[in-house]
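# Generate coordinates for the sequence data below:
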Amino acid sequence: MKLSPQEKAAQKAAFRAMRPEKKLEHIWVYYKWPILLTLAALFILGSALHRTLTQKQPVLYLAFANVVAGEDLQEELTLGFLRDAGEDPTRREVFLYPELYLSDDAEIINHEYAYASRMKTMGAIQAQKMDVVLMNREAYDAFSQQGYLSDLAALLEEEEPSLRQRALPCLTENDVILEDNTIEWQLDEAQEHRVVTESVHNALVLDSLPLIEEAGMSDQVFLGVIANSPRLPEALAYVNYILTAGS
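Numbers count the residues shown, from 1 in each chain. As a prediction, this is how the structure comes out:
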């Protein structure tokens, strides 16, 4: 019901005459929901603004597969690259998948963790959110056989010939499966088991490089570039950084 001017004036006079605590009680009773909705809107807006201002933009997505890097080495492999590339670490980052574990060994204790790592790896690659991977021999075999890795020799020859010369002593090759009828053969849908592979130079052996050698890694460490990476210039810049860091 619409109030008359006299009634509005009377309500204002009554409100002004209230004690402070009564005024607060009156405001809360009659304006509680507008106040709460306004506060909620301000909170959501503030949170969104804070995320926008503080969220770091990934320069590169890096994975450790069956490789454990100490705190110092991990910093060199992430922040060290950002500094070398002239990036601001407060605004940019190397997004890291730090503890992927890939294995086909039926005797491993934590099958669930290995399965989760495999799913996470496949999901990141399909989403084009994995660019470079550091891995041990077992993980390297798995990445290579699945065709996840770029032909580094061909990629460097096409994109960075000078970098290819620097990388040549570290290039190594592995098998890539082109054709495999294992499932059909196991189901008796094929008369013979047929696996066709080709050998591709798709990784670098990093053991002799100062950055890795000084870290005292127990296993061989390989570096590969993911074949469907949309950030190839950054991935190749990372290859260059690894080859020259600490030298």
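
# List the buried residues of whichever strand or helix holds A114.
According to DSSP states H and E, A114 maps onto helix 111-126. Residues of helix 111-126 classed as buried: 114, 117-118, 121, 124-125 (neighbour count, 16 or more other Cβ atoms under 10 Å). Using the backbone N, CA and C atoms, a C-beta is placed for each residue, glycine as well.

# in this structure, which spans are helices?
Along the chain, the segments classed as helices by DSSP state H run 5-17, 20-54, 71-84, 111-126, 137-145, 152-159, 161-167, 182-186, 210-213, 232-244.

# what packs against the fourth one?
Packed against helix 111-126, as judged by 3 or more Cβ pairs under 8 Å, 6 or more residues apart in numbering; DSSP states H and E, are the following elements: strand 57-65, strand 92-100.

# for it, the distance to its chain's centre please.
Mean-position distance between helix 111-126 and its chain equals 13 Å (Cα atoms, centre = their mean, to the nearest Å).

# Can I get that helix as PDB, trimmed to CA atoms?
Output of helix 111-126 as PDB, limited to C-alpha atoms (Å, rounded to 0.1, in the frame of the first residue of the first chain):
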ATOM      1  CA  HIS A 111      47.600 -49.800  -9.200                       C
ATOM      2  CA  GLU A 112      45.000 -47.100  -8.600                       C
ATOM      3  CA  TYR A 113      47.600 -44.400  -8.600                       C
ATOM      4  CA  ALA A 114      49.200 -45.700 -11.800                       C
ATOM      5  CA  TYR A 115      45.700 -45.800 -13.400                       C
ATOM      6  CA  ALA A 116      44.900 -42.300 -12.300                       C
ATOM      7  CA  SER A 117      48.200 -41.000 -13.600                       C
ATOM      8  CA  ARG A 118      47.500 -42.600 -17.000                       C
ATOM      9  CA  MET A 119      44.000 -41.100 -17.200                       C
ATOM     10  CA  LYS A 120      45.400 -37.700 -16.100                       C
ATOM     11  CA  THR A 121      48.100 -37.900 -18.800                       C
ATOM     12  CA  MET A 122      45.700 -38.800 -21.500                       C
ATOM     13  CA  GLY A 123      43.300 -36.100 -20.500                       C
ATOM     14  CA  ALA A 124      46.000 -33.400 -20.400                       C
ATOM     15  CA  ILE A 125      47.300 -34.400 -23.800                       C
ATOM     16  CA  GLN A 126      43.800 -34.500 -25.300                       C
END
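
# That helix versus helix 137-145: what angle between them?
Relative orientation of helix 111-126 versus helix 137-145 (axes from the mean of the first three to the mean of the last three Cα atoms, to 10 degrees): 40 degrees.

# who's in contact with helix 111-126?
61, 63, 65, 97, 99-103, 108, 130, 148, 226, 228 (Cβ atoms under 8 Å, 6 or more residues apart in numbering).

# biggest separation within the residues you listed, which pair?
I108 and N228 (28.0 Å; Cβ to Cβ).

# out of these two, which sits in the busier spot?
N228 (14 against 11; other Cβ atoms under 10 Å).

# so what pLDDT did the more buried one get?
N228 is assigned 96 on the pLDDT scale.

# same check, this time on P5
pLDDT, P5: 69.

# what do you get for the one 3 residues further on?
The score at K8 is 63. That number is its pLDDT.

# Next: A13.
If you check A13, the pLDDT there is 67.

# ok, now R194?
We have a pLDDT of 76 for R194.

# L152 now?
Looking at L152, its pLDDT reads 94.

# I'd like the numbering to begin with 128 instead of 1 from here.
Okay, residue one is now 128; in that scheme the one you just asked about reads as L279.

# what about it, neighbour count?
Going by other Cβ under 10 Å, the residues that sit close to L279 add up to 25.

# what about the closest residue to D278 other than its chain neighbours, distance to R146?
Counting by Cβ to Cβ, 6 or more residues apart in numbering, D278 lies nearest to V327, which is 5.0 Å off, once chain neighbours are set aside. V327 is 83 Å from R146, where distance means Cβ to Cβ, to the nearest Å.
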